[in-house]
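S.K.: just coords:
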């Protein structure tokens with residue numbers, strides 16, 4: 001059950017990085033820097049996917065950043081906050 005929940009969180013983070021975050025970056029950039037030179041949000045999104053296919057570092061970081069953050073967070077939680085106290089694990093033999 002816990003493994004399935006973790007997989008759902010990782011999938012949600014990946015989908016967020018691939019589908020939602022590029023639009024948030026576009027709108028933030030348009031508000032602070034002005035219009036995008038290659039068109040509106042769909043031009044930015046098209047350029048993002050093109051860069052991702054060509055393995056551009058910035059596109060990879062944008063797409064997989066939320067996944068990496070979520071994965072690191074889950075690993076830290078597993079290491080720092082175990083579900084059973086150490087004494088209970090020793091008594092149960094696990």
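M.R.: Great, that's in hand. For clarity, every value in this text was computed on a predicted model and none was experimentally measured.
S.K.: count of residues packed around the closest residue to residue 41 other than its chain neighbours?
M.R.: Distances taken as Cβ to Cβ, 6 or more residues apart in numbering put residue 26 closest to residue 41, at 4.8 Å, once the chain neighbours are dropped. Every C-beta, even on glycine, is put in place using the N, C-alpha and C of the backbone. The tally of other residues near residue 26 (other Cβ atoms under 10 Å) stands at 19.
S.K.: Could you do residue 4 as well?
M.R.: 8.
S.K.: And the strand or helix carrying it, what does it pack against?
M.R.: Per DSSP states H and E: residue 4 is located in helix 2-15. Under the contact definition 3 or more Cβ pairs under 8 Å, 6 or more residues apart in numbering; DSSP states H and E, helix 2-15 sits against helix 57-80.
S.K.: For the helix holding residue 4, the averaged confidence score.
M.R.: For helix 2-15, mean pLDDT rounds to 91.
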